[in-house]
Structures are given as structure tokens and as C-alpha cells.
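S.K.: Below are the sequence and a predicted model for it; my questions follow.
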Amino acid sequence: VIETIKPGKAGRIKVHGIFWPARSVSGMHQAIPTGTDVSIIARDNITLLVHPVTPLFPIPPLYPLAQGAINTLDQSA
């Protein structure tokens with residue numbers, strides 16, 4: 001992303017040296033900031049529809065929840 005993609009608005013991305021208008025396809029309520037790597041999902045006329053390669057906000061790991069569930073099962077036996 002070379003120009004921030006704001007919710008509901010087009011920004012700009014660079015693909016193989018060519019600049020393209022781009023919109024978020026994921027219905028995100030936050031902007032996709034400059035420097036974010038995105039995947040191209042589709043094209044609407046000359047506008048590319050994209051979403052971030054990695055989540056903008058990290059998702060917490062599920063392991064601590066699973067470990068807690070295992071400990072609970074062990075104690076009930």
C-alpha cells in the first residue's frame with residue numbers, strides 16, 4: 001500500500017511497478033495503512049479489491065485457553 005486505503009474509499013497500491021487504485025474487500029472499519037502488504041482478491045473495473053496479508057491487529061493465541069481446558073479436565077478426573 002502506497003496510499004492509505006480508508007474505509008469505503010480507494011487508496012493506492014503498487015504491483016510490479018504499476019500504481020493501481022485499491023479498496024478493501026474485507027469490510028474493515030479501519031484503514032489499511034501505507035506499507036501494509038495486501039493480497040489482491042478481485043478487480044472492479046480498474047480498482048483492485050484487496051485485504052491485508054496479515055491481520056492489522058494480532059489475534060491472541062488459543063494455546064493458553066486450550067491449556068487451561070486440559071488442566072481443568074485433568075483435575076476433574
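M.R.: Sure, I can see it.

S.K.: so what's the residue nearest to Val50 when sequence neighbours are not counted bridging to?
M.R.: What sits nearest to Val50 in space, not counting adjacent residues and going by CB to CB, 6 or more residues apart in numbering, is Val38, at 3.9 Å. C-beta here means a position set from N, CA and C on the backbone, and glycine is covered the same way. Beta bridges link Val38 to Pro52 when assigned by DSSP bridges.

S.K.: Next: Ile18.
M.R.: Per DSSP bridges, the residues bridged to Ile18 are Val15.

S.K.: Can you report how many residues lie near the residue nearest to Val50?
M.R.: Val38 has 22 neighbours, counted by other CB atoms under 10 Å.

S.K.: which residues touch it?
M.R.: Counting by CB atoms under 8 Å, 6 or more residues apart in numbering, Val38 touches Val1, Ile13, Ala22, Ile32, Val50, His51, Pro52, Val53.

S.K.: All set, thanks.
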